[in-house]
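**Student:** Predicted coordinates and the sequence they were generated for:
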Amino acid sequence: MPVPALKINEYVAKLNTVIKDGRRLGDIDRYEITRAIDAGMGHDPVCALILQALLASVDGDAASVMRCFEEALQIAPNSLDVHANYAVLLANHGYPEKASQEIRESLALCKQQNDWIFIDSLIVTAVDIGDMDAAADIIHAAAQMGIFSPVLSQAAALLSIDGENDEKAVAGLQAALPGDDLRTASKISDERWAEMKKFADELSQYVD
């Protein structure tokens, strides 16, 4: 399961870990995080609402997750932090169509703001919900900016390889495999990953 990433305090990191591990949040941590949310509403409501949404996600409360993010978007409609984290949590809570919309909004903001910190979480989320068109758009945008990461390369293994992009795509497959970042995060079966590895090996003979 992909985990939201956010450039704020330790409470976010703590909640991200709880979401990733699927464990219960301790009472003391919950009390401290709730206090931080209350305090943040006065001076940084957008970050406080994202933190509140993460807390709601830990509790499995999808309705509250969406309410917090929609409220945050009313305050800051062009916030990459909001859109990118909303995409991840929508996917985690079983709303793939809404997640796809937020992925596209996030990618547009990445380009506008030249801020690519969320690129890995966006590509993993796109693959996780089966939106290969969005995954391709993210990979192409990252390639244009000269951005590389193992997660992006592994995602390229899920896309059709055709035309003038053959050599770049195969090079991406070679760089990505073996690797398990995306494999661990996504719902792709072991059998499918084995097929992609075999496909990459077969294609590699055609690239110098």
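**Tutor:** Thanks, I have it.
**Student:** For the spatially closest residue to Tyr86 that is not a sequence neighbour, the count of nearby residues, please.
**Tutor:** Counting by CB to CB, 6 or more residues apart in numbering, Tyr86 lies nearest to Phe69, which is 4.3 Å off, once chain neighbours are set aside. Heads up, the C-betas are built off the backbone N, CA and C, glycines and all. Number of residues near Phe69 (other CB atoms under 10 Å) recorded here: 24.
**Student:** just checking, Phe69 touches Leu51?
**Tutor:** No. Counting by CB atoms under 8 Å, Leu51 is not a contact partner of Phe69; they are 11.6 Å apart.
**Student:** any idea how far the residue positioned nearest the centre of the chain is from Asn92?
**Tutor:** Centroid check for the chain by CA atoms, centre = their mean gives Ser121 as the closest residue, at 2.3 Å. Counting by CB to CB, to the nearest Å, the separation of Ser121 from Asn92 is 11 Å.
**Student:** hmm, back to that, what's the spacing between the residue nearest to the centre of the chain and Glu32?
**Tutor:** 25 Å.
**Student:** ok, now Met145?
**Tutor:** 38 Å.
**Student:** next one: Ala156
**Tutor:** Ala156 sits 41 Å away from Glu32, going by CB to CB.
**Student:** who has more neighbours, those two?
**Tutor:** Ala156 (24 against 14).
**Student:** Surely the more buried one touches His140?
**Tutor:** No. If you go by CB under 8 Å, Ala156 and His140 don't touch, sitting 10.1 Å apart.
**Student:** nearest spatial neighbour of Gly94, skipping sequence neighbours?
**Tutor:** Ala62 (7.5 Å).
**Student:** quick one, phi psi at the one you found?
**Tutor:** In terms of degrees, to the nearest 10, the main-chain angles of Ala62 are phi -60, psi -40.
**Student:** Now stretch 97-112: buried residues?
**Tutor:** Residues of stretch 97-112 classed as buried: Lys98, Ala99, Ser100, Gln101, Glu102, Ile103, Arg104, Glu105, Ser106, Leu107, Leu109, Cys110 (neighbour count, 16 or more other CB atoms under 10 Å).
**Student:** The residue nearest to Ile119 when sequence neighbours are not counted - how many residues pack around it?
**Tutor:** Spatially, and ignoring its direct neighbours in sequence, Ile119 is nearest to Ala142 (5.8 Å; CB to CB, 6+ apart). Neighbours of Ala142 under the rule other CB under 10 Å: 21.
**Student:** what's the spacing between Ala142 and Ala99?
**Tutor:** The value you get for Ala142 to Ala99, if CB to CB is used, is 19 Å.
**Student:** try Ala87
**Tutor:** For Ala87, the distance to Ala99 equals 5 Å [CB to CB].
**Student:** which residues are common contacts for those two?
**Tutor:** Thr125 (CB atoms under 8 Å, 6 or more residues apart in numbering).
**Student:** Distance-wise, check the residue nearest to Tyr86 relative to Asp120.
**Tutor:** Relative to Asp120, and taking CB to CB, Phe69 is found at 20 Å.
**Student:** Thanks again, I'm all set now.
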